[in-house]
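Asker: below is the structure, and that's it, no one-letter string:
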């Protein structure tokens, strides 16, 4: 698998090419994007940081678990670190499988496990110049 | 038995509060991950570290009762917010 963490904009087409296969009947792409909303205030960007040496293997373990559960699937994932402006993707998960049900299920598994287990944090940068840590949820290990 | 030294890694708001993202903690032989956490939480900056944060030992999530060895890397993991 390619490196799951990147400091640059994520190339969705490249991830799609990684999961492309003649036996695939469906491909699901999930994009997590930085949003601006009333409750969050005037967020201009989010700065992502990680425990890189653990996040990389943890993301690889999550993908391996999904492949164990949906053996016909192909999965590519990248999480962006550093400053990500509003509207840009912070996370992309591409899953192809012979049948769409497996592609949707594996995609859902990977995003939920990533949010629960990847040691990644974010700090919102507001238009006012302020920055604040986003209160996350307690990290959980496997399952 | 001699003491052990472990590397403690801090991240995000915890690292900001500590003013450091890494420190060395000396513990008695046989100490657990929870003992290491207690030593970290004893510092004045650690008021914002809750009693039971997630811990990782050598880059995998670990329970508090895991016995540490000399040279281990213990990470105190703030609530995560990836995705």
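Answerer: Nice, thanks for sending it over. Here the structure is a predicted model, which means the values were calculated and not measured.
Asker: tell me which parts of chain B are close to chain A?
Answerer: Counting by C-beta under 8 Å from any C-beta of the partner chain, the residues of chain B close to chain A are B:9, B:11-13, B:16, B:53-54, B:56, B:59-62, B:75, B:77-83. C-beta here means a position set from N, CA and C on the backbone, and glycine is covered the same way.
Asker: which of the residues you listed are buried? Put it as a ChimeraX command.
Answerer: Applying 16 or more other C-beta atoms under 10 Å in any protein chain shown to the residues of chain B next to chain A, the buried members can be selected in ChimeraX as follows:
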select /B:9,11,12,13,16,53,54,56,59,61,62,75,77,78,79,80,81,82,83
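Asker: sort out for me which of the residues of chain B next to chain A are in helices.
Answerer: Taking DSSP state H, the ones among the residues of chain B next to chain A that sit in helices are B:12-13, B:16.
Asker: among the residues you listed, which one lies nearest to chain A?
Answerer: Closest approach between these and chain A, by C-beta to the nearest C-beta: residue B:12, at 3.7 Å.
Asker: can you list the weak-confidence ranges in the chain?
Answerer: The chain I'm using is chain A. By pLDDT under 70, the low-scoring segments of chain A are A:1, A:38, A:40, A:141-143.
Asker: look at chain B instead
Answerer: In chain B (pLDDT under 70), no residue qualifies.
Asker: can you check which helix is longest in it?
Answerer: Counting by DSSP H, the longest helix found in chain B is helix B:33-41.
Asker: which strands and helices sit next to that helix?
Answerer: Counting contacts by 3 or more C-beta pairs under 8 Å, 6 or more residues apart in numbering or on different chains; DSSP states H and E, helix B:33-41 is packed against strand B:4-10, strand B:22-27, strand B:54-57, strand B:73-77.
Asker: who does the second one touch, helix- and strand-wise?
Answerer: In this case it means strand B:22-27. Packing partners of strand B:22-27 (3+ C-beta pairs under 8 Å, 6+ apart): strand B:4-10, helix B:33-41.
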